[in-house]
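Undergrad: Generate a structure from the sequence data that follows.
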Amino acid sequence: MNKLYTFSTMILVSLLFLNCKSEKKSQNFSAIAKSYFDGKNILNPLDATQNGQNEYNDQLQFEMTDSYRKKQAAFFDKNEKDLASIDTTSLSDEEKNSYDIIKWETEVGQQLLKQNANLMPVHQFWGTHLTMGQFAGGTSAQPFKTEKDYTNFLKRMEIYAVWVDSALVYMKKGIQKGVVLPKALTEKVIPQFADMPTAKIEDNLFYSSIKLMPSTFSNDVKKDLTTKYTAVINDKLIPQYKKMAVFLKNEYLTASRTTSGIGSLTNGNELYAAYVKQWTTSNMSPDEIHKLGLSEVARIKQEMEKVKTQVGFKGTLLAFFEEVRNKPELKPFKKPEEVIANFNAIYEKIKPNVNKLFALQPKTKFEIRRTEAFREKTASAEYNQGTADGTRPGIFYVPIPDVANYNVYGDEDLFLHEAIPGHHFQISLQQENQELPDFRKFIWFGAYGEGWALYTESLGKELGLYTDPYQYFGMLGNEMHRAIRLVVDTGLHSKGWTREQAIKYSLENEAESEASIIPEIERYMAIPGQALSYKIGQLKIMELRKKAQEKMGAKFDIKKFHEKVLESGVMPLALLEKKINAWITTGK
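TA: The predicted model follows:
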């Protein structure tokens with residue numbers, strides 16, 4: 001027998017064996033990724049509905065309870081064991097990203113479970129009670145197209161009535177342990193419950209979908225659903241809303257704390273450190289972030305001075321802020337529809353230029369809508385993602401509580417951030433990418449996602465915007481807003497700042513009105529660390545773009561850079577940096 005032939009055959013067999021082994025490992029990891037996604041949906045059915053995973057539409061999590069937290073702990077333990085069984089050398093680059101993302105989320109989740117923030121299950125900015133209200137409106141993520149859709153939400157409402165009792169139990173535990181909301185936040189939560197009961201069932205938010213029943217439903221089905229919804233709203237939901245409102249007014253408000261930041265709580269510094277890591281996906285300390293914020297505020301102030309000079313304003317920058325806040329020409333609207341029309345005009349203006357910067361663009365449709373009335377008074381402008389299957393568009397929500405005082409100076413910048421090419425591009429492309437496992441299509445990292453949106457604000461001139469100096473000042477104002485967040489969020493939660501100190505600092509350094517600054521500061525009080533994500537992520541993306549331009553020289557392609565940043569979806573910033581560094585090396 002030919003020895004060379006025998007040796008070659010042995011090598012071929014060995015390669016086939018290694019290939020099969022590698023493929024098996026890859027298949028095992030695919031199963032782990034699927035199991036991870038399924039586990040997250042089971043634990044977070046409201047998020048699943050938001051992401052278009054409709055098999056969970058009749059479920060609700062009791063996120064504050066000990067039993068739920070035990071399920072979370074078991075989920076994290078399972079993830080650790082699953083990952084330990086994988087040989088990472090057999091994974092593709094994208095699978096390695098998935099592996100690292102699961103590992104990172106598991107570690108942060110375990111760290112957060114050591115804290116007792118579950119004793120504050122309700123606040124004014126987001127949470128189950130607000131999501132349920134939004135879904136109840138009938139035009140949000142909860143579908144109302146079939147009879148099953150209606151029975152799904154009926155069951156979810158019934159569970160939600162029980163959820164209110166659980167929230168009450170854990171808020172009472174919070175009172176006993178001194179883990180409670182600041183008084184200013186409790187005052188904002190009270191009307192969110194007290195205003196929900198209505199004299200007429202037809203006026204109740206949870207009755208909204210009954211008014212929207214498809215004409216294809218038979219009269220018997222319509223009658224049956226109307227009867228059942230009426231009973232649940234009158235007999236279960238309204239009594240629970242009243243009960244919670246009474247508790248908040250009579251017990252919780254009195255027990256609420258006078259401090260503004262969570263650093264004042266027992267183990268509050270450890271809790272804030274966990275939130276900082278979660279939201280920035282970095283190892284930066286609160287003190288490092290605070291100093292960075294101060295330096296960014298100083299830098300942006302210098303740019304603002306240039307605009308002030310350009311428009312011929314002779315007073316101080318503080319006086320210019322006041323001028324911009326109150327300038328009648330910047331408050332041109334008389335009807336809310338005019339605000340929406342202005343955003344549509346901005347959209348039309350940038351369309352011809354988007355192709356110059358982006359080869360990779362989403363297929364998901366896009367709409368601009370006014371924020372629903374029930375949450376408009378406390379809401380910020382925001383983007384709600386569409387679904388990859390096209391059944392729901394991405395929606396840019398704009399709150400217009402007082403159209404006469406609506407100031408237009410930051411609208412171009414706001415559109416870039418919340419809509420195109422900000423959140424709509426990033427989230428839609430992530431959901432549409434068939435190469436990603438499902439859990440990656442619907443995952444969120446604030447530092448990357450909000451960092452990307454803030455980075456896109458700097459693209460305004462390249463997209464044909466900011467020709468008006470006041471709109472450019474609006475961009476600087478919004479960047480300043482995010483720089484201020486680094487200062488006030490860390491100030492509130494790690495340096496003992498009061499709500500009033502944070503409001504004062506904001507008023508001294510940005511052109512926003514006190515009326516708009518107050519809910520912003522209270523937002524940071526409610527969700528510590530989240531406000532840090534924007535600037536930390538933006539600075540990293542800008543740093544990577546600058547590095548790529550310097551290293552690649554004439555070979556640098558802005559379209560390709562944006563494609564590389566967007567194609568794999570959100571990830572911790574260290575993984576994004578690794579990805580871009582690899583592209584720079586191969587691109588050179």
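
Undergrad: Please pull up the helix or strand immediately following the lowest-mean-pLDDT helix or strand in the chain.
TA: For the chain, counting by mean pLDDT, DSSP states H and E, helix 3-43 ranks last in confidence among helices and strands (a mean of 69). Next in sequence after helix 3-43, counting helices and strands by DSSP states H and E, comes helix 45-50.

Undergrad: roughly how far out does that following helix sit from the chain middle?
TA: In terms of CA atoms, centre = their mean, to the nearest Å, the centre of helix 45-50 is found 14 Å from the chain centre.

Undergrad: which outside residues touch the next helix or strand after it?
TA: Downstream of helix 45-50, the first helix or strand assigned by DSSP H and E is helix 66-84. With CB atoms under 8 Å, 6 or more residues apart in numbering as the contact definition, helix 66-84 has outside contacts at 32, 35-36, 39, 43, 61-62, 99, 102-103, 106, 109-110, 113, 118. Where C-beta positions appear, they are placed from N, C-alpha and C, glycine not excepted.

Undergrad: same check, this time on stretch 315-323
TA: 301, 304, 305, 308, 313, 508, 510, 511.

Undergrad: Tell me where the stretch 451-588 of the chain has helices.
TA: Using DSSP state H, counting those that start in this stretch, the helices of the stretch 451-588 of the chain run over 469-494, 499-509, 514-526, 533-552, 558-566, 573-587.

Undergrad: Equivalent analysis for the stretch 51-200 of the chain, please.
TA: Under DSSP H, counting those that start in this stretch, the stretch 51-200 of the chain gives helices at 66-84, 93-113, 128-136, 147-177, 183-194.

Undergrad: nearest to residue 401, of those?
TA: helix 183-194 (13.6 Å; CB to CB).

Undergrad: From the chain's centre, how far out is the closest one? Work that out for me.
TA: For helix 183-194, the distance to the chain centre is 22 Å (CA atoms, centre = their mean).

Undergrad: Stretch 335-343 now?
TA: On CA atoms, centre = their mean, the centre of stretch 335-343 falls 24 Å from the chain's centre.

Undergrad: again with stretch 528-542
TA: The answer for stretch 528-542 is 12 Å, by CA atoms, centre = their mean.

Undergrad: Which positions within that stretch qualify as buried?
TA: For stretch 528-542, the neighbour count (16 or more other CB atoms under 10 Å) marks 528-541 as buried.

Undergrad: Let me know the pLDDT of the closest residue to residue 150 other than its chain neighbours.
TA: Once flanking residues are discounted, residue 150 sits nearest to residue 225: 5.1 Å by CB to CB, 6 or more residues apart in numbering. Looking at residue 225, its pLDDT reads 98.

Undergrad: What is the helix or strand containing residue 225 packed up against?
TA: Using DSSP H and E, the element containing residue 225 is helix 219-232. Using 3 or more CB pairs under 8 Å, 6 or more residues apart in numbering; DSSP states H and E, the elements in contact with helix 219-232 are helix 147-177, helix 208-211.

Undergrad: Next SSE downstream of that helix?
TA: helix 238-247.

Undergrad: buried ones in whichever helix or strand comes after that next one?
TA: Per DSSP H and E, the first helix or strand lying C-terminal to helix 238-247 is helix 253-255. Under the neighbour-count criterion of 16+ other CB under 10 Å, helix 253-255 has 253, 255 buried.

Undergrad: other SSEs contacting helix 253-255?
TA: Counting by 3+ CB pairs under 8 Å, 6+ apart, the packing neighbours recorded for helix 253-255 are helix 183-194.

Undergrad: With just CA atoms, put the helix it packs on into CSV.
TA: Output in CSV follows, covering the C-alpha atoms of helix 183-194 (Å, rounded to 0.1, in the frame of the first residue of the first chain):
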residue,chain,number,x,y,z
LYS,A,183,-41.0,62.2,47.6
ALA,A,184,-40.8,64.1,44.3
LEU,A,185,-41.2,60.9,42.3
THR,A,186,-44.0,59.5,44.5
GLU,A,187,-45.9,62.8,43.7
LYS,A,188,-45.6,62.0,40.0
VAL,A,189,-46.7,58.4,40.3
ILE,A,190,-49.9,59.2,42.3
PRO,A,191,-51.8,60.6,39.3
GLN,A,192,-50.7,57.8,37.1
PHE,A,193,-52.9,55.6,39.2
ALA,A,194,-55.4,58.1,40.6
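
Undergrad: so residue 43 touches residue 62, yeah?
TA: No - in this structure, residue 43 is not within contact of residue 62 by CB atoms under 8 Å, at 10.6 Å.

Undergrad: okay, these two: which has more neighbours?
TA: residue 62 (19 against 16; other CB atoms under 10 Å).

Undergrad: phi, psi of that one?
TA: phi -110, psi 70 (degrees, to the nearest 10).

Undergrad: about what we covered before: pick out the most distant pair among the buried residues of stretch 528-542.
TA: Across the buried residues of stretch 528-542 (CB to CB), the longest gap, 23.6 Å, separates 528 and 541.

Undergrad: Looking at the helices and strands packed on helix 219-232, which is nearest to residue 518?
TA: Of these, nearest to residue 518 by CB to CB is helix 147-177, at 23.8 Å.

Undergrad: Who are the packing partners of the closest one?
TA: Using 3+ CB pairs under 8 Å, 6+ apart, helix 147-177 sits against helix 128-136, helix 219-232, helix 238-247.

Undergrad: Pick the most buried one from those helices.
TA: helix 128-136 (a mean of 21; mean count of other CB atoms under 10 Å).

Undergrad: Just want the angle from that helix to helix 147-177.
TA: 160 degrees (axes from the mean of the first three to the mean of the last three CA atoms, to 10 degrees).

Undergrad: Could you check the angle helix 128-136 makes with helix 183-194?
TA: Going by the same axes, to 10 degrees, helix 128-136 makes 40 degrees with helix 183-194.

Undergrad: contacting residues around helix 128-136?
TA: By CB under 8 Å, 6+ apart, helix 128-136 touches 46, 49-50, 60-61, 63, 121-122, 140-142, 153, 156-157, 160, 163-164, 167, 192-193, 196, 205-206, 208-209, 372, 374-375.
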